[in-house]
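**Student:** 3D, please:
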Amino acid sequence: MTKDTFRLSLAQEAIWLFQQLRPESTAYHIPALFRLSGPLDVAALQRSIKAIARRHESLRTTFHLDHGVPVQRISRRPEITMETEDIEGADDADRQAALQGRLRQEFDTSFDLEKGPLARLRLFKIKAGEHALLVIFHHIVADGMSVGIFCRELSQHYAACLEKRPALLPRLKARYGVTAERQRKRLRSEGLSRELAFWKDQLAGVPTLIDLPIDHPRPAVATHRGGTERFEVPEPVTQALKSAAQQLRATPFMIFLAAFEILLGRYAGQSDFVVSSPMSGRTQVALEPLIGHFANIVPLRADLGADPSFATLIARIRQRALAAYAHQEIPVNELIAELKIPPSLSHQAFLQVIFAMNNAGESAFDLSGLQVEALEIEWNASRTDLTLIVDDSGCGAHGSFEYSTDLFDAGTIRRYIAHY
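**Tutor:** Model (predicted):
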């Protein structure tokens, strides 16, 4: 390998294999949409984006086969550009409809992992003093924390451009490709067997699927078509939940997850199942400011046996979650292969249902002289049967159920929300 070519991390390799089978799929897109109100300096925004691409190698990375082995190759020249477009329309309603149409086109356009770039930015001018900024990353080069890093650095670079000064960001102390190769070598040597032994013990005898009632027969091949239903948790309720968490020596994550497990257990009539959850995978301080694909989804076994009290359930979740934090590097596909679970095109073992919780301000950013508002995205893809995402905004929580439209109708998901 050259100094700019590296093996893939184990998690990246799983995504790469999926895209080889489904090159048209948009299931691994990570989108973010923002409304920018005020006087925008488009040239300064363009320069800021290029500066971030120069700083982060993942944004200059493409994926290739080298003698039959998938590798990631880093370009020395940033190729990410922000295309701009005026949204035409006779009035606000027409322009919003036109914008939604363009957003849908962008959401439905897949990435070419070999040609790149694997981040796409579009700036839509809606009217004087109002723009919409769309950012889409491919998950193979970024994760949820990467979106927050990108937004923070965009704020810093944009302010520096306006003030005609350097951004003065601290030097990055790690390279993603080097980190991926080191992790791969460590897990492929002594680390993998130790991690596998832990997870095999954790998951011994657990069903690989939750038997949730569905509205439509499960197709032989999952299409990954999806829908989203959203909900709000009022601030008084959120604060009461946080107080309960303190009393139970738990985190808000554990409280919201416990309620989700109770909901799933009652719908499925099961006391033993898996709800998986993403973890950051940034196990070293040097990795925290890096854009890249570090997050891993780990299977958390739900145990509702013997009709536990809520406090007892929280204690069980705390024990399993803390153990999982210490063993979060092994990709689920490696675990599935080791457990000899037969592969299926209709579902993914241990990845049927996901729970994720985002903390306040993870993706927020501020551009000098502009009012920035994060907008909800009408996403029509789902990698899982059901995913619950809870966002703690600091003044009440809100959440969304992403679901497979192959299996569920919107009315069913609204009932899930009401019961949750």
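**Student:** Quick check: residue 56 touching residue 289?
**Tutor:** No. Contact criterion Cβ atoms under 8 Å: residue 56 and residue 289 do not qualify, at 9.3 Å. Bear in mind the C-beta positions are built from the backbone N, C-alpha and C, glycine included.
**Student:** who touches both of the two?
**Tutor:** Shared contacts of residue 56 and residue 289 (Cβ atoms under 8 Å, 6 or more residues apart in numbering): residue 172.
**Student:** Give me the more crowded residue out of the two.
**Tutor:** residue 56 (25 against 19; other Cβ atoms under 10 Å).
**Student:** how close does the more buried one sit to residue 231?
**Tutor:** Applying Cβ to Cβ, to the nearest Å, the value for residue 56 to residue 231 is 34 Å.
**Student:** Summarise which helices and strands the helix or strand of the chain with the lowest mean pLDDT is packed against.
**Tutor:** Among the helical and strand segments of the chain, the one scoring lowest on mean pLDDT, DSSP states H and E is helix 332-338, with a mean of 82. Helix 332-338 sits against helix 10-21, helix 192-202, strand 296-303, with contacts defined as 3 or more Cβ pairs under 8 Å, 6 or more residues apart in numbering; DSSP states H and E.
**Student:** Pick the most buried one from these.
**Tutor:** strand 296-303 (a mean of 22; mean count of other Cβ atoms under 10 Å).
**Student:** what's the average pLDDT for that one?
**Tutor:** Strand 296-303 shows a mean pLDDT of 94.
**Student:** same check, this time on stretch 89-107
**Tutor:** 90.
**Student:** Which residue ranges of the protein form strands?
**Tutor:** Secondary structure of the chain (DSSP state E): strands at 5-7, 29-37, 61-66, 69-74, 82-86, 119-127, 130-138, 226-233, 272-279, 296-303, 353-358, 371-375, 386-392, 397-404.
**Student:** Nearest residue to residue 130 in space, please, no chain neighbours.
**Tutor:** Nearest residue to residue 130, sequence neighbours excluded (Cβ to Cβ, 6 or more residues apart in numbering): residue 37, at 5.4 Å.
**Student:** give the contact list for residue 410.
**Tutor:** 227, 229.
**Student:** Nearest to residue 51, out of the strands of the chain?
**Tutor:** Closest approach to residue 51 among the strands of the chain (Cβ to Cβ): strand 82-86, 12.3 Å.
**Student:** got the buried residues for the closest one?
**Tutor:** Of the residues in strand 82-86, residue 82 count as buried by neighbour count, 16 or more other Cβ atoms under 10 Å.
**Student:** Just checking: what are the partner strands of it?
**Tutor:** Sheet pairing here is set by DSSP bridges, and for strand 82-86 it gives strand 119-127 (parallel).
**Student:** average pLDDT across the strand it pairs with?
**Tutor:** Mean predicted confidence for strand 119-127 is 96.
**Student:** residues in contact with it?
**Tutor:** So strand 119-127 is contacted by 42, 45, 49, 53, 59, 80-87, 92, 95-96, 99, 102, 106, 109, 111, 131-138, 141-142 (Cβ under 8 Å, 6+ apart).
**Student:** Tally up the residues packed near residue 47, please.
**Tutor:** Residue 47: 15 neighbours (other Cβ under 10 Å).
**Student:** Please name the residues that touch residue 334.
**Tutor:** Shown in contact with residue 334 (Cβ under 8 Å, 6+ apart): 10, 192, 196.
**Student:** I'd like the distance between it and residue 302.
**Tutor:** 22 Å.
**Student:** ok, back up a step: the residue nearest to residue 130 reaches residue 370, doesn't it?
**Tutor:** Yes. Between residue 37 and residue 370 a contact is recorded at 6.4 Å, counting by Cβ under 8 Å.
**Student:** the more surrounded of these two?
**Tutor:** The neighbour count for residue 37 versus residue 370, taken as other Cβ under 10 Å, is higher for residue 370 (20 against 13).
**Student:** nearest spatial neighbour of residue 339, skipping sequence neighbours?
**Tutor:** Spatial nearest neighbour of residue 339, excluding adjacent residues (Cβ to Cβ, 6+ apart): residue 200 at 6.7 Å.
**Student:** sorry, back to before: now list whatever residues contact both of residue 37 and residue 370.
**Tutor:** Counting by Cβ under 8 Å, 6+ apart, nothing touches both residue 37 and residue 370.
**Student:** that older thread, now the helices and strands packed on helix 332-338 in CSV, please, with extra columns for distance to residue 260.
**Tutor:** Formatted as CSV, these follow (distance: least, Cβ to Cβ, whole Å):
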stretch, distance to residue 260
helix 10-21, 24
helix 192-202, 19
strand 296-303, 9
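**Student:** which residues touch the nearest residue to residue 173 once chain neighbours are set aside?
**Tutor:** Nearest residue to residue 173, sequence neighbours excluded (Cβ to Cβ, 6+ apart): residue 286, at 4.3 Å. Taking Cβ under 8 Å, 6+ apart as the contact definition, residue 286 lies against 172-174.
**Student:** cool, residue 100 as well?
**Tutor:** Going by Cβ under 8 Å, 6+ apart, the list of residues near residue 100 reads residue 378.
**Student:** So residue 26 sits against residue 108, correct?
**Tutor:** Yes. Residue 26 is within contact range of residue 108, at 6.1 Å (criterion: Cβ under 8 Å).
**Student:** Scan the chain for its longest helix.
**Tutor:** Identified as the longest helix of the chain according to DSSP state H is helix 144-162.
**Student:** That helix versus strand 119-127: what angle between them?
**Tutor:** 60 degrees (axes from the mean of the first three to the mean of the last three Cα atoms, to 10 degrees).
**Student:** Please state the offset of helix 144-162 from the chain centre?
**Tutor:** From the chain centre to the centre of helix 144-162 is a distance of 18 Å (Cα atoms, centre = their mean, to the nearest Å).
**Student:** Likewise for stretch 236-245?
**Tutor:** So, by Cα atoms, centre = their mean, the centroid of stretch 236-245 is 26 Å from its chain's centroid.
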